[in-house]
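In: One predicted model, sequence on top.
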Amino acid sequence: MTALDLLDLDPSLTEEERQIRDVVRRLVDDRVRPYVADWYEEGRVPARELAREFGKLGLLGMHLSGYGCAGASAVAYGLACQELEAADSGVRSLVSVQGSLAMYAIWRYGSEEQKQRWLPSMATGESIGCFGLTEPDHGSDPASMATRARRDGDDWVLTGGKMWITNAPIADVAVIWARTDDGVRGFAVPMDTPGVTAREIRRKMSLRASLTGEIVLDDVRLPADAQLPEAVGLKAPLSCLTEARHGIVWGAVGVARDCLETTLAYATTRTQFGRPLAGFQLTQAKLADMAVELVKAQLLALHLGRLADAGRLRPDQVSVGKLNNVREALAIARQCRTILGANGVSGEYPVLRHANNLESVLTYEGTSEIHQLIVGQRLTGLSAFA
Ligand SMILES: Cc1cc2nc3c(=O)[nH]c(=O)nc-3n(C[C@H](O)[C@H](O)[C@H](O)COP(=O)(O)OP(=O)(O)OC[C@H]3O[C@@H](n4cnc5c(N)ncnc54)[C@H](O)[C@@H]3O)c2cc1C
């Protein structure tokens, strides 16, 4: 860590921020790192157990206040995401979806009753949440979603399906976004409601230590109070995505750092042609370029985190961070893999697992192309989405 901190960024964090980072790092070292390669290989993860562990430490809905949430700063939450993702993007996804998507949606747009019902048990990890926006035929363009919610007396009846939903196979509650006669609305849907089914998506080659599912909604009847009263229009789910994307900006730093730490250790001890790999100029050029990208990504994350804590972070600024940091983390993971040679494709080292995970991170929470369009719109004033 110290060798990679080329710009002495550590002192830019407060003592409290460093402590939070180190506590999460220790938890991850203890509860995730020793096991995650097996979880990945087997395509399973003890998500409920992990959620309870993370809940004990206050990591779930960490940046929210009240209802058992820790009320931490955006930077502290970012640092937690960084350490979680340094172990595995799937584990960070568990925490992001729970806290930034499902809990945030209820916290920001729910009624007092909905908050009391769900948030305290989600903060402890007793209840798991998921966030259903993507559909089989509507991903980057959620405005054209097909899932419908219609009124029947006081009740709502939901019909449709959501696809690629993190945590869905084990969720207790899903925040489902659906089209109504008045536009998009959000619903807190208990997963045991008749007509709701969740099927796990298997054969993923990425984020294998994360549960992903399809949710089918077959005439799901919900009471009127299942609707999130403050969520009006598509800007509600998009604001939740901004929260989660901020965590990803930091998570990408963690994963890039882990790749580089692994690779530095490897390159300084592995010898070819009578000298360590790290002694070759070509290797040093790779290491130097990657370390420069890492500190740039760290600076970007810290700057965006500080803006968030000052209440001044705009969604298009989060797009700058997500676009850059995930793209660069993926480039770093792939480059690190080359330095590890054959060991680079082995699960004994985390590097290719990280690279494969980042393929999902590049796509979810807005693909790179969508973030380019958001930044492009900011630059030109022209929307090029459709
Ligand atoms: C492991 C995993 C977990 C996920 N978890 C969740 C979750 O919890 N909740 C949830 O709601 N969703 C989730 N998603 C879904 C994810 O958000 C979507 O996959 C993503 O939004 C992209 O949608 P799509 O896959 O349908 O791709 P598409 O929208 O079909 O896009 C395909 C390609 O076309 C490009 N493209 C699309 N439109 C344009 C355009 N206007 N201009 C230029 N290029 C364009 C895209 O950038 C992409 O390269 C998850 C996905 C994965 C892989």
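Out: Right, received. Where do you want to start? Residues are numbered from 1 along each chain as shown.
In: what about the strand or helix carrying residue 319, near the ligand?
Out: Under the criterion of DSSP states H and E, residue 319 resides in helix 315-339. No: applying CB under 6 Å from any ligand atom, one finds helix 315-339 separated from the ligand by no less than 11.3 Å. C-beta here means a position set from N, CA and C on the backbone, and glycine is covered the same way.
In: Contacts only, for the residue in the stretch 101-250 of the chain positioned nearest to the ligand.
Out: Closest approach between the stretch 101-250 of the chain and the ligand, counting by CB to the nearest ligand atom: residue 139, at 1.8 Å. Applying CB atoms under 8 Å, 6 or more residues apart in numbering, we find residue 139 in contact with residue 164.
In: From residue 218, how far off is it?
Out: Distance of residue 139 to residue 218, computed by CB to CB, to the nearest Å: 22 Å.
In: for residue 190, same thing?
Out: Residue 190 sits 15 Å away from residue 218, going by CB to CB.
In: The stretch 1-150 of the chain: helices as residue ranges?
Out: Using DSSP state H, counting those that start in this stretch, the helices of the stretch 1-150 of the chain run over residues 15-31, 33-42, 47-56, 74-87, 89-96, 104-109, 112-124.
In: returning to what we had before: which neighbouring elements make contact with the helix holding residue 319?
Out: Identification of packing neighbours for helix 315-339 by 3 or more CB pairs under 8 Å, 6 or more residues apart in numbering; DSSP states H and E yields helix 235-269, helix 281-309, helix 351-363, helix 368-380.
In: and the longest one, average pLDDT?
Out: When pLDDT is averaged along helix 235-269, the result is 98.
In: Same check on the third one?
Out: Within the predicted structure, the mean pLDDT of helix 351-363 is 98.
In: and the angle from it to helix 89-96?
Out: With axes from the mean of the first three to the mean of the last three CA atoms, to 10 degrees defining the directions, helix 351-363 sits at 40 degrees from helix 89-96.
In: how far is helix 351-363 from where the chain is centred?
Out: Here helix 351-363 is found 12 Å from its chain centre; the criterion is CA atoms, centre = their mean, to the nearest Å.
In: cool, and the longest one?
Out: Centroid separation between helix 235-269 and its chain, computed with CA atoms, centre = their mean, is 9 Å.
In: Give the next helix or strand downstream of it.
Out: strand 271-272.
In: Could you list the residues in contact with that following strand?
Out: residue 277.
In: Pretty sure residue 305 sits against residue 298.
Out: No: between residue 305 and residue 298 there is no contact under CB atoms under 8 Å: 10.5 Å.
In: Report the contact partners of the spatially closest residue to residue 238 that is not a sequence neighbour.
Out: Leaving aside its sequence neighbours, residue 238 sits nearest to residue 315 (CB to CB, 6 or more residues apart in numbering; 7.3 Å). Contacts for residue 315 (CB under 8 Å, 6+ apart) come out as 238, 239, 242, 374.
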